[in-house]
Every structure is written in structure tokens, then in C-alpha cells.
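Q: Let's see this in three dimensions:
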Amino acid sequence: MSAMSQQTQQEEVQQTQQQGQQQAPTMGGTDFAAFGPESAAGFQETAGNAWISEQLGAEGEQSHGTAVDEDVVVVDDGTYDSQEDNQNTDKVAANAQCNVTALAMMLTALGDDQDVHSAAVALVIEKGSPKTEEELAEWELAGLLMERFELWGNAEWETCADENADHFWNGWHAYWLEQGKPWNQVQEALAWVAMEFEEFVGETSGASYGGSSGTTPFDNSRTEEELYSADYYLNELAPLMKQGSAIMLGTRLTPGHVVALKGIRTDGILANDPNGINIGSQGRYVLNGELITKHVPLAMGDRHSVVKSRLTYNQDILGELMMHMADIETTRLWEGDKAVKDIDTACSHELGEDNFYTWDEVKRFSIGKWNMVAGQKE
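A: Have a look, this model is predicted:
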């Protein structure tokens, strides 16, 4: 290396260190200048840990999992699934499959994962899938459920509704056909497919607002105030979960999003969100599996407190996410903004597991604007 190159490199290191000294307080007060130009790893570890402690405070000492305390009313044991991992995306993008992914989580709360998967393969073959059993055996459960919905068009759902007036209210098919929604987004259709897993699922029911009670198991006569209240969750849904039922919830976390109800607490609910973590406003998410540098730093910004609250009962995932963020912050200080773009770390594919929502947030995001309950087979 020429003397000129060495001088240039030394000047760049000194300039970077000077910038780091000015920005050090953002990293928990770590003294940037105490680390030499060959000590990037040491700086990242020390400053990163300090920054995480600053962000998490005492809450960073909590352990993983749903807290078992006096606030827990009921929690199910269904397997978490991410819609971002769905393979069956020929006609429907993975980011539009929250409904079937939530249904998959419900079914695994009611039966053994492998048994449910085998039943799903058999079901789509029975309904006429052109794919082979060997091909379908490799698919995830949510993809199989999406295949099931794609195998039925408007005519099949119309016939089904006409022949099962005890499940579908009068005018159901015509109403939803006019709305133009895919059938996998409709409460009663989701419930019908759930019941096709008759080995695991007993009766289904549900509730929503703005209609009438009618003669089906789906009570549409509720008010929004009722559906979002702690009283409704604690006194109507919690007993059903205690009996073994699994529940999905329609929400406005995005303009139209579905989650699985994981648990009910006295201070709020736990949701398994197939999309990832909502960070405080409609449609604003840290997505399962996305690159940490894509937009997560900007998306999180000063919303660390929301993320901390959302992952209160999933501390492993919270700690992992904050480690990624610390890596970005230390890299920015040590190497500059351009170097951040080279970080190729992906977020966990389980960000949406055990997401906590306070009762105020349940109301703000309309969590439970409709619900579908699948009872366990006796």
C-alpha cells in the first residue's frame, strides 16, 4: 500500500471515529473513541448491548413465552404459522392469505399437526385437485387450505348454501357474490371448510355486528362496542376456549386482516398474527421474514415502546429483533450509512406469535369485528 493510501485510510478512520464520538449517546453512552480502527466487533458488541439495554430497560430481563400469572385467563396451544411462508401463491399472493393461515392455526389447536396436515391432503384430493398426493404432501397446511378454496367457484358455494340453510343465512350467497370478496375471506365459508375436518372439529359458530341473529349459528346482531369489550372476551369467548374451542378474529390491523386468538388475559389479548407485528397504526407492520434493512429501521423509528409492548410475552423474538436493530445502529456509526445496506439479516418468521394487545388497542384496531369459533370434536 502506498504512503498516500495509508494516509487516506488513516484520515477516513479518524473521521469515522470523530463522527462516532458525536453520536455515541445514541448507543447507550458507549465511548466510541475507546475502540481502535481494528475493533469493530468489540464496539458493536459493547455498544449494541448498551443500546439494547437502553431500549428495553428492565423489561429486557424477562423470559420467553406467555407469562403464567394471575392475568392469564386462557391460552391455546396451536402451532404458529406465517402467511409469508405459504407456497400456494399461483393465484393468491401470500400477503393475502391471512385467513387460511389463521384457519391453519385453529386446526392445529384442535388436532395433532401431522394428522391435520394428512387430512388436508386427503380433502383437496377429494375435492378434485389435479396435483398428486406426493406434491401436496410437501405443502404447508395453509397452502392446502388455499387450494381447497380455489377448487370451489361461485356455483359450488351457491349449491352448498342452498342445501345447508342451517349454516348459511338466507341470501348469503347473493350478498357475498355482490360484495366481490373471495370465499376464503367470508366467515361462514371459513367455518364450513373447518367443519370438513370432521375428525377434529365439532360445531362452528360466530358473531359480527350490523345484522340480525337469524336461525344460523352466526349471530350478526351484536354491536361493535360489545365485540371489542373485555366483558365479551372474558365472559363469552374465554369459556369457549377453556372448553377447547379455537377462534379466529376479523380485524382492521390492515383494511381487512385476520388473526388467530391465542389467549385472553385480564389486561388484553394474545393474537397469533400471520403477517408479523403491527407497530401502532393500520397497515404498518414489521413483516415476518423481511430483510431487517428493507424498511424496518424507518418503520420502527421511535416505536420501540410499541414493539416492546407487542412482544411482552415473546421475549426471545423481542431480544432477537432488538439485536438486529442494534447491529444496524452500530454499523451505521462504525462504517457509515452506506454499509447498512449490505446487512442481509432477515427478521424471524415468527414475529407475529403471541402478540399482545391491550383492550384499548382491541377497540382501536377493531380486533374481533367478527369471529369464527370452531369447537373441538368430542
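Q: Around Trp157, how many other residues sit close by?
A: Trp157 is flanked by 21 other residues according to other CB atoms under 10 Å. Just so you know, the C-beta spots here come from the backbone N, C-alpha and C atoms, and that holds for glycine as well.
Q: Renumber starting at 457 from here on
A: Happy to do that; since the first residue is 457 now, the last one works out to Trp613.
Q: Please identify the helix or strand for it.
A: Taking DSSP states H and E as the criterion, Trp613 maps to helix 610-619.
Q: any residues touching stretch 612-629, and which ones?
A: 608, 610, 633, 639, 644-645, 647-648, 670-674, 676 (CB atoms under 8 Å, 6 or more residues apart in numbering).
Q: Looking at these, which one is closest to Lys797?
A: Proximity of the contacts of stretch 612-629 to Lys797 (CB to CB) peaks at Trp639, which lies at 42.0 Å.
Q: show me the contacts for the closest one.
A: By CB under 8 Å, 6+ apart, Trp639 lies in contact with 605, 608, 613, 632, 645.
Q: List the backbone torsions phi and psi for the closest residue to it other than its chain neighbours.
A: Counting by CB to CB, 6 or more residues apart in numbering, Trp639 lies nearest to Ala645, which is 4.5 Å off, once chain neighbours are set aside. The phi and psi values for Ala645, taken as degrees, to the nearest 10, are phi -70, psi -40.
Q: Can you get me a residue count around Ala645?
A: So Ala645, with other CB under 10 Å, has 25 neighbours.
Q: Let me see the contact set for it.
A: Contacts for Ala645 (CB under 8 Å, 6+ apart) come out as 605, 613, 632, 639.
Q: can you redo these as TSV with distance to Glu806 and secondary structure?
A: Formatted as TSV, these follow (distance: CB to CB, whole Å; DSSP: H, G, I helix; E, B strand; the rest coil):
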residue	distance to Glu806	secondary structure
Phe605	25	helix
Trp613	33	helix
Trp632	33	helix
Trp639	28	helix
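Q: Pull the most distant pair out of those residues.
A: Farthest pair in the contacts of Ala645 (CB to CB) is Phe605 and Trp632. Separation: 13.1 Å.
Q: of the two, who's got more company?
A: Remark: of Phe605 and Trp632, Phe605 carries more neighbours, 26 against 21, as counted by other CB under 10 Å.
Q: Distance of that one relative to Asp571?
A: Using CB to CB, to the nearest Å, one obtains 21 Å as the distance from Phe605 to Asp571.
Q: ditto for His760
A: 41 Å.
Q: tally of neighbours for Gly745?
A: With other CB under 10 Å as criterion, Gly745 counts 14.
Q: before we move on, what about Leu705?
A: Neighbours around Leu705, by other CB under 10 Å: 24.
Q: list the contacts for it?
A: 714-717, 727, 823-827.
Q: Residue ranges in the stretch 557-706 of the chain under the pLDDT threshold?
A: Scanning the stretch 557-706 of the chain for pLDDT under 70 picks out 668-671.
Q: can you give me the helices for it?
A: For the stretch 557-706 of the chain, the helices defined by DSSP state H, counting those that start in this stretch cover 569-582, 589-593, 597-606, 610-619, 628-635, 643-651, 680-683, 686-688, 694-698.
Q: Which elements pack onto the third one?
A: Right, the one you point to is helix 597-606. For helix 597-606, the packing partners by 3 or more CB pairs under 8 Å, 6 or more residues apart in numbering; DSSP states H and E come out as helix 554-566, helix 569-582, helix 643-651.
Q: try 10 Å
A: helix 554-566, helix 569-582, helix 589-593, helix 643-651 (3 or more CB pairs under 10 Å, 6 or more residues apart in numbering; DSSP states H and E).
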